[in-house]
Each structure stands twice: as C-alpha cells, then as structure tokens.
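Undergrad: Can you look at this prediction? I've put the sequence above it.
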Amino acid sequence: MEFTIGQVAAILQGKVEGDETQKVYRLDKIQEGKEGGISFLSNEKYQSYIYETEATAVIVSENFTPTKEIKTNLIRVKDAYTGFTTLLEAYSQFSKMSLVGVQEPSYMESSSEMGENGFRGAFSHIGKHCKIGTEVKIHSQVFIGDNVVIGDNTIIHPGAKICSGTVIGTNCEIHPGVVIGSDGFGFAPQPDGTYKPIPQIGNVIIEDHVSIGANTTIDCATMGSTIIKRGVKIDNLVQIAHNVVIGEDTVIASQTGISGSTEIGKNCIIAGQVGISGHIKIANKTTIGAKTGISKTIKKEGETIFGYIGMEVKNFLKSYSIFKNLDVLENRLRELEKKP
Amino acid sequence: MEFTIGQVAAILQGKVEGDETQKVYRLDKIQEGKEGGISFLSNEKYQSYIYETEATAVIVSENFTPTKEIKTNLIRVKDAYTGFTTLLEAYSQFSKMSLVGVQEPSYMESSSEMGENGFRGAFSHIGKHCKIGTEVKIHSQVFIGDNVVIGDNTIIHPGAKICSGTVIGTNCEIHPGVVIGSDGFGFAPQPDGTYKPIPQIGNVIIEDHVSIGANTTIDCATMGSTIIKRGVKIDNLVQIAHNVVIGEDTVIASQTGISGSTEIGKNCIIAGQVGISGHIKIANKTTIGAKTGISKTIKKEGETIFGYIGMEVKNFLKSYSIFKNLDVLENRLRELEKKP
Amino acid sequence: MEFTIGQVAAILQGKVEGDETQKVYRLDKIQEGKEGGISFLSNEKYQSYIYETEATAVIVSENFTPTKEIKTNLIRVKDAYTGFTTLLEAYSQFSKMSLVGVQEPSYMESSSEMGENGFRGAFSHIGKHCKIGTEVKIHSQVFIGDNVVIGDNTIIHPGAKICSGTVIGTNCEIHPGVVIGSDGFGFAPQPDGTYKPIPQIGNVIIEDHVSIGANTTIDCATMGSTIIKRGVKIDNLVQIAHNVVIGEDTVIASQTGISGSTEIGKNCIIAGQVGISGHIKIANKTTIGAKTGISKTIKKEGETIFGYIGMEVKNFLKSYSIFKNLDVLENRLRELEKKP
C-alpha cells in the first residue's frame, strides 16, 4: 500500500510541512528511517535523529521546534505518539481489509452466499448453505463446511478449518491453522476394553469481536453448542473441548487446555499452559497463573490462582519458598531430634 | 440430510402414530423442538413438553400413554432413549459416510488407486503408489504423500497431512490439521556446537479403529515404525515422537506429549498435558493424571500415577496437602526450636 | 528412487563383489532384508544373517572375511557403519531434494520469482513480491504471503503457512502445518473491560539451517522482528511469541512455549513442555528440564534448571525427594511435639 504524505495528513487531521505529493509505503523507526518510510518523533531523546533520518516523512507534535535544518517532510499533529498509533491502526486495518474478490481456483457450493466486498483466496473451500456476511475475508486454503454462518468484517486466515454448523459473529479474527468444530473427544468404554465413539452432533458458536490464535482447536459440542462469547481473545495452540463456555472478554494465553463442559466466567485472565478440568466453573474476573492446574470449581470472583494444583497465589508462593529449601527444614528437624 | 418419519421408524423398528410422510432433518431437545426436528421423550420430568413441542416428530416408548391431546407425530419404539441413541449414531455415521465422488480440482497421481464409494474433496492431494480402500473419505485440502496405505471406511478430515510411507488401518478417523509422519526430532551434536540432522527414514503405522484429534502430530520413526495400535483414541494437540509404540485401546487426552522410543502399554488412560520421557515403558492399564511428568519406566500394571514427577496418586496428594500449608509446618518447627 | 549396486558403490567409494547392475530401492535391516533392499553388516553379532539375507546387496567393511558361501552382492567400503550412514544421508537428502517443477493447479503472483530447480506442489499459494532462491521445495497446500524471502535449498513441507513479510534463510526445513508470522497476542485493555487489538506489523526472520517442527507457531513481532537464529532446531507444537529472539544452535523440544519479547541465548537445550515468561533473558548454554516454568532472567551461563518454578536442578531434586515423603517428615515433627 502506498499513500501520499497529504493522504496520511488527512487521516491524522495534521498539517504538512514539505512536499505533500511524496509517497510513503512503510512504517519505520526514526533511527532506521529509509526512503519511502514514515516515522514519528515523540520522545525528546530521539530528537537528534530527525535531522539525519532518511525517512520520507516524520510525524511530529504541533509544538515541536526544530533546532537545526530538517530535510525530511513533517506532518504536524496534536500529539505525535497518538498520531502514529492512529496511523498504525489504520495501516493494519487497511492491510487486512483491502483484499476483495475471488482468487481462482477456489470452491464454493452454489447454495452458499457471501456479502459484498468479500474475499475468497485460492484453494479455499466453502460448503453448502453457508451464510457469509459483508466484508468477510476468507483466505487461501481455508475450509468452511456446510451450514456455516459468518458475520460481517470477520477474517479467516490461511488454512483455518471451520467445520459444518459453526456460527461465527462479526469482527472476529481466526488465525492460520485454527480448527473449529471438529469432533469432541467422547468415547464410551465397552465391556471388552474397547471404546465406542459417542456421536458429536453439536456445534461451536463464536460471538462477535473474538480472536483465535494459530493452530488452536475448538471442538464441537456433543449436543448443543461450545460457546466462545463476545470479545474473548485466545492465543495460539489452545485446546477448548466440547461443550465448554467461555465468558465475555476473557483472555486465554498459549497452550492452555480447557476440558469438556467447563464454564469459564467473563473478564478472566488465563495465562499459558494452564490446564482446567472438565465439568467445573470458574468465577468471573479470575486470574490464573501460567502452568496452573485447576481441578475444582472457583466460586469467589476476582481471585488469583497459581500452582500445580491451583490455590490462592500468595499461599502457593509462601509454601513454594519453603519447598525450595526443604532440605534445610529437614536438617533443622534432625537437629531437634538429636536433642535429648 | 432429510428423512421421512416413516424412514426413521424403519431404522428404529418402531411404529408411526401420525403422518409418516412428513420430513425431519434435525435432532432437537424436546423443550426446544421446531418444525423439521425430531426429538425423544424418555424422562417423565419432560412429559409436559410433548403436548407443546413444535418438533415434527417425537420418539416415545411403547408404553407411553398421553394425558392430553398431542399435535406432533409419534414414533413408538421399545425404549425411547435407546431409540434416540440409535438414531444419533445412524445420523452421525450417515453424515460422515454419505459423501461420495470427487470434487474438482483435486490431485491424484495415476499410480494410486482408491476403492469404491470413496470421496476426494477439493484441493486434496494424493501422491504416487497409494493404496486406498473402499468407502474412504478424503476431505478437502488433505495431503497424502507417496506410498501411503489407507484401509476401508477410514475418514481423513480437512487439511490433515499424511506423509509418505504412512500406513493407516480400517475405520480410523483422522481429524483436521493432524500431521502424521513428519520427521522425528533427531539431530547429532557436532564438535563446533551445531547440530546435524539424523535422517528419519522410517514411517508411521496406525492400526484399525484409531481416532486422532485435531492438530495432533505423530512423527515417523528414525528407522522402522512409530506404531499406534488398534483402538487407540488420541485427543487434540498431542505430540507422539519418533519410534513411540502405543498399545491397544489406550486413550490419550489433549496436549500430552510422548518422547521418542517410549512404549505405552494397552488399556492405559492418559489425561491432558502429561509429559512422558523418551526410551521408557509404561505398563498396561496405567492411569496417569493431568499434567503429570513421567521420567521412569512403570512396571506394575494398573497403577494410578500423578504429580510433577509422577508417583502413586495417593502419596502425591498426601504430600501436596502438607505442602499447601508448609508455612504452618515451619511455624510448628520454629516453636519447637524455641523450647529450651 | 532406484539405484544400481554400481551407483551405490560409486557414492560410497566402495568395491562391488557380485552383479553391479542389479537394482536396489530400499534400506533394510540385515535380518529383515528382502529383494530390492540394501543392508549393512557392521556388528559381528549379526554376521550369521549375511549368509541368509534376501537383501539384494550388503555393505561390508573391507576386512570382512566370510566363513560360508554368500548369495547376496557385497559392497566393500572402509567402514560398513560409516558407509551405511553416508548412504542414509544421501538417500534422505535425495528424497527431499529430487522434486522439481510445478504441480497444477498452483498459484503464484507474477511479481514473485523462484530460482532454478525449485518445486511448487499442487494447491500451493505464493503471494506478491516474493523472492525465492534456488532448489527451494514448496510442497502442496503451502501458503506463502506477500513480500516473503526464502533462501536456497530450503524445504517448506505440506500445508505450512508463511505469512507476509517473513524472511527465511538457506537450508531450512519447515515441517507440515507450521504457522510463521501470524499476529502476536497483543491487546490493550479498555476501561469498559474489553480489549482492543494492538496492531502487529513486524515480521519473523528465520536464519540459515533452522528446522521447525510440525504445527509449531511463531508469531510476528509487534514492530521489528521475531528472530530465530542460525542452526536453531525446534520440535513440534512449540509456541514462539512476538518479538522473541532465539540464539544460534539452541534446541527446543515439543510443546514448549516462549512468551513475548524474551531472548534465549545460544547453545541452549530446552526440553519439552517448558514455559518461559515474557520480557526475560536466558543465558547461553542453559539447559532446561522438561515441564520447567521459568519466570525470571537466568544470567549465569551453563546452568541446568528444573522445576515447577525453575531452580538449579540438584536443589530441586533434593527438595522434591523430601516432598515425596512429606507425611513422614510431619510425623517426625509430631513425635517431637509430643515430647514434654
């Protein structure tokens, strides 16, 4: 993507000092600015770089007063840092939403429909009776099964697999390699020691503004729905089992696993490599430290839990600090035992 | 899929009361029944719903006696719950096995052969000299390398990658994003601190009735075979390293990892996020709790192991219960030390 | 692949005894040798098999003196074991590098270029402005975004996803299902409890001779680069977060996760299921045991760390050995308390 300095200034409601027709197509750090780049000066410490930078344009605050000659073009805005952040978001959003049309070959059953301004990448597959909203971006090699619903402005990145019956809301982002709606892990033990699959005929419902990280897996419900509520953010390589419900605005870091039928409250923060047992409930606003194991329901809101078998974090750390020198404690005991 | 009520009754060996020509295409809970749905009434508690449900048909037991007028159609069977379970299994099986034919574009080398009633989805790739049985379903975007053998009735879900030389038995189910037969993690340390890859020329053998969950990875053997025996069920995001052998009817939950050359016995139950070291053996019928680390061979059958460094579960929990209040224990010690 | 015995002898600089025109196309263990196979005899213990083997050829050391009649063809080399290893490496290398050309349908934007002797598999996607070196093998269903650079002799296995802006060096091997360059997990908490995505506009740089295991995920940097340095070997299902740097010749086993902005030194050995917090540094030559949690910077080189909250391995094991019998320790304490 390429913008003129004038266009960038218009986005930022700023004023150009220099040549507004010159073009920029990259965001640079000021100390590493090169031709075609746009940078910003916010922290005084970096001021010396503005006189030397080769960046084509630099965003500065309106009260910036140069002390030497400046070769680059300036865009003056109210606050340079906010301006740059705005530009960053616009750039990122534009990168993600600018793809429109169909790359061939791709596959879509005729009973499915896509809204306006959508994108379907090469080798993407869309099954029967799907309803896909406007501005939806379905990247290359994505698989979408039958009867899938996807809301407006949602992005499905390359190679994600959305199994039949899944419902995805608006403004979601599903990263590469994600699998949504594969069979839950349900098998009935038989008298002869073998296992018989329990049919998994439910689906997955993903509400609006949800983000799901690369290669994460979310299983369909046995019956009913596995539900990921509005605003949930899930990192890479996370496992969400069948019939799990995750409350609004909960954040789950990488490699965490949540077992079947567990309900996680809203506004929880779950760190990486956490394991949560099945058929329990986690209260709203619970914070769970990395690598914690949770096997029981947490009823009280707002607690911070940590540990191999999770407990209140302060208590775990108190115990662990003694554990670290358990041999010292044993020596003290031995000394006492020696006493007559 | 769509069935007439008469067809469903035939599957269940039941008797229709009502209009056997009406159509159903969905399984509903009785309290949520809608037109086109079929439901069941087994538990007395739900009896009131049968008079109000909008489901097109309801399965009832032969001794069910209505106490009010009923609008829906009934299918009378010996036992309503068993009937519904049978229908569920038939529905699930039918959903999975009904796909037949070839979606284009797809890719198959001419030296490979597929049996009757098979399915190849769009953008699937089948390499050279593959022998694929009857009723095998190879979904969209699946990769199958060269010299792969796949037994009858096996389903390979979208995007799974089956590398060259893999052998898969009958009635297996390989879920989306699974990777089977990629290189084992073998590198020889060199005097200069670098590592040289050790060629991994073995394969993976998967026996009959095995299920492998989404995005799980199973590496090929260095030489010989990594073997997953009959009836093994593996959940999502599991790692099986090179030359591992897993015994019949063992179940492995999500995010567990098994290191190279380890042999797991049969009828074991391994929970989630377990880690098992390389070059050890786990006895038949061992149960391993979630997040357990296993670094030594387990010889005795039928034990239940748990803990950061796995041990007999009762002993671990006994120690952990004291650990949780280790500061209390230390205070008791301090009190004793104060004694004259 | 098929070679005459004469061709194999040429590769190994050995001498044929027998028919050098016969063909071999498989590596066999001597005790399992079949027609078309080539085997080796190095260990005296296996000598009896050479008189019975059905392998078409056997590699032997130059000083081998048969004590009975031999039916198979011999290739005499200086040292049979080294000879077989050489053959193994040649075979493995040849298998991987022999694919050349383009399978159709595949997709490549016209602004991208590939060097000589490359391979593009069916349903592979290459975006705009990519620069791909010579002898690069891009397997089926691989996704390569825009502005990607890939060095000579690198292999991208089926279904790997390389997002826009990624730079990959020479002689790398990226296994199936790997995701490189997806968005880092960065969200800014808002006053109303929701989260706003922080634009992730950086990239991933992978230097030369790096191997990345199946279904591993490496996120792009928020700004700047996530960097995997020369010679790093990463196993399956590993998570590398945004802005992480991993030093030369470090080895990381399966299911380990490294959080954002952490720097790992060179020549480290990190076992499986390890979790490392964000914004810390790990010194060169650190060894980290399986399942260890690391939350603080490790400054001293060459240490071995282990434990739920990682510490020097000897100390952890000392403490854990007491923990395992913590009830015994408590009983001893109770006995002392009973004393008058």
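TA: That came through, no problem.
Undergrad: can we go C-alpha only for contacts and neighbour counts from here?
TA: Will do.
Undergrad: how long is stretch A:188-197 from one end to the other?
TA: Stretch A:188-197 stretches 6 Å from its first residue to its last (C-alpha to C-alpha, to the nearest Å).
Undergrad: ugh, wrong one, stretch A:54-65
TA: Start-to-end, stretch A:54-65 (C-alpha to C-alpha) is 19 Å.
Undergrad: Please identify the buried residues of it?
TA: Under the neighbour-count criterion of 16 or more other C-alpha atoms under 10 Å in any protein chain shown, stretch A:54-65 has A:54-61 buried.
Undergrad: Which of the residues you listed sits closest to chain C?
TA: A:A55 (16.1 Å; C-alpha to the nearest C-alpha).
Undergrad: Once you drop chain neighbours, what's closest to A:Q239?
TA: Spatial nearest neighbour of A:Q239, chain neighbours left out: A:G257 (4.5 Å); criterion: C-alpha to C-alpha, 6 or more residues apart in numbering or on different chains.
Undergrad: could the buried residues of stretch A:54-65 be laid out in TSV, adding distance to chain C and pLDDT?
TA: Listed next are the buried residues of stretch A:54-65 as TSV, based on distance: C-alpha to the nearest C-alpha, whole Å; pLDDT from 0 to 100:
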residue	distance to chain C	pLDDT
A:E54	18	94
A:A55	16	95
A:T56	19	96
A:A57	18	96
A:V58	17	96
A:I59	17	95
A:V60	19	95
A:S61	22	94
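Undergrad: Give me the subset of these that also touch chain B.
TA: Among these, none lies close to chain B by the criterion of C-alpha under 8 Å from any C-alpha of the partner chain.
Undergrad: which two from those end up farthest apart in space?
TA: Between any two of the buried residues of stretch A:54-65, the greatest separation by C-alpha to C-alpha is 19.1 Å, found for A:E54 and A:S61.
Undergrad: Is it possible to get the buried residues of stretch A:54-65 out as TSV so that each row also shows secondary structure?
TA: Below are these laid out as TSV (DSSP: H, G, I helix; E, B strand; the rest coil):
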residue	secondary structure
A:E54	coil
A:A55	coil
A:T56	coil
A:A57	strand
A:V58	strand
A:I59	strand
A:V60	strand
A:S61	strand
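Undergrad: hang on, A:E337 in a strand?
TA: No - counting by three-state DSSP, A:E337 falls outside a strand, being helix.
Undergrad: quick one, what contacts it?
TA: C:L336 (C-alpha atoms under 8 Å, 6 or more residues apart in numbering or on different chains).
Undergrad: Just the local confidence number for it, please.
TA: With respect to pLDDT, A:E337 has a value of 91.
Undergrad: Please give me every residue in contact with the residue in the stretch 201-340 of chain A that chain C sits nearest to.
TA: Of the residues in the stretch 201-340 of chain A, the one nearest chain C is A:L326, at a distance of 5.0 Å by C-alpha to the nearest C-alpha. Contacts for A:L326 were tallied using C-alpha under 8 Å, 6+ apart; they are C:318-319, C:322-323.
Undergrad: repeat that for 10 Å
TA: Residues near A:L326 by C-alpha atoms under 10 Å, 6 or more residues apart in numbering or on different chains: A:320, A:332, B:326, C:315-316, C:318-323, C:326.
Undergrad: what does A:T262 give?
TA: A:226, A:240-246, A:276-282, A:297.
Undergrad: Pick out whichever of these sits closest to C:E89.
TA: Among the contacts of A:T262, and counting by C-alpha to C-alpha, the member closest to C:E89 is A:I240, at 40.8 Å.
Undergrad: Any part of stretch A:272-279 near chain B?
TA: Yes - residues of stretch A:272-279 are located near chain B by C-alpha under 10 Å from any C-alpha of the partner chain, namely A:273-277.
Undergrad: Give me the nearest residue to A:S182, chain neighbours excluded.
TA: A:D219 (4.9 Å).
Undergrad: Would you mark the buried spots in the helix of greatest length in chain A?
TA: Identified as the longest helix of chain A according to DSSP state H is helix A:80-97. Neighbour counts over helix A:80-97 (16+ other C-alpha under 10 Å) mark A:80-81, A:83-84, A:87-91, A:97 as buried.
Undergrad: Also near chain C: which of these, exactly?
TA: A:88-91.
Undergrad: and those as a markdown table, adding distance to chain B and pLDDT?
TA: Listed next are those as a markdown table, based on distance: C-alpha to the nearest C-alpha, whole Å; pLDDT from 0 to 100:
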| residue | distance to chain B | pLDDT |
| --- | --- | --- |
| A:L88 | 33 | 88 |
| A:E89 | 32 | 88 |
| A:A90 | 33 | 87 |
| A:Y91 | 31 | 86 |
